[in-house]
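Chemist: sequence first, predicted model second:
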Amino acid sequence: MTRVSKKKLSKDARKKLLTQFVYLFSRATKDKQGDLFTALFTDTEEIMFIKRVAMIFLLLEGYSTYRISKTLIVSDSTVRSIQKRCESGAYDPIIQQMRKKDFDREKFWNTIDKVLRCGMPPRVGSGRWKWLYEMTD
């Protein structure tokens, strides 16, 4: 579970830190961006981000919240929460990137399609995310 300090950052400090975070990633090559992502986040955090982006993509593609929840092994309420945030515009920057011509929708879709056709791995066990790492290689 994520632990966040009870000491709140000011909006200004948060914005400055976020700017530096974005700068760090934007200056790295594509290969290094993946390394940065892996170095900064735990396995659980990585999967959380991956699933969140997959939910946004699948909602854009018109999949039902039920289908998404069963495919990605998340609760229906989680998918509905993401759906509400999509509808409110919270994920517009992500959606705009997904709609750009240079976004490799086909590659992204093929990865999601493999999940949809093959189903998800077991919920527990040391190799439960092996399928994902193999698909992204």
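Modeler: Good, I have the coordinates.
Chemist: in stretch 41-51, which residues are buried?
Modeler: Within stretch 41-51, the residues that count as buried by 16 or more other Cβ atoms under 10 Å are Lys51. The way it works is simple: take the backbone N, C-alpha and C, and place the C-beta from them, glycine included.
Chemist: likewise for stretch 54-62?
Modeler: For stretch 54-62, by 16+ other Cβ under 10 Å, it's Ala54, Met55, Ile56, Phe57, Leu58, Leu59.
Chemist: out of those, who's nearest Thr44?
Modeler: Ala54 (15.5 Å; Cβ to Cβ).
Chemist: these two touch, right, the closest one and Leu72?
Modeler: Yes. The criterion here is Cβ atoms under 8 Å, and Ala54 meets it with Leu72 at 6.0 Å.
Chemist: which stretches in this protein count as helices?
Modeler: 11-27, 30-40, 43-60, 65-72, 76-88, 92-99, 105-118, 130-136 (DSSP state H).
Chemist: any chance of those helices in CSV, with mean pLDDT and distance to Ser5 too?
Modeler: Below are the helices of the chain laid out as CSV (pLDDT from 0 to 100; distance: least, Cβ to Cβ, whole Å):
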stretch, mean pLDDT, distance to Ser5
helix 11-27, 90, 12
helix 30-40, 84, 17
helix 43-60, 87, 16
helix 65-72, 88, 30
helix 76-88, 96, 24
helix 92-99, 90, 26
helix 105-118, 69, 34
helix 130-136, 58, 30
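Chemist: want to try TSV for these, with distance to Val4 as columns?
Modeler: Formatted as TSV, those follow (distance: least, Cβ to Cβ, whole Å):
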stretch	distance to Val4
helix 11-27	12
helix 30-40	15
helix 43-60	13
helix 65-72	24
helix 76-88	18
helix 92-99	22
helix 105-118	30
helix 130-136	26
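Chemist: which of the buried residues of stretch 54-62 lies closest to Tyr23?
Modeler: Among the buried residues of stretch 54-62, and counting by Cβ to Cβ, the member closest to Tyr23 is Ile56, at 24.0 Å.
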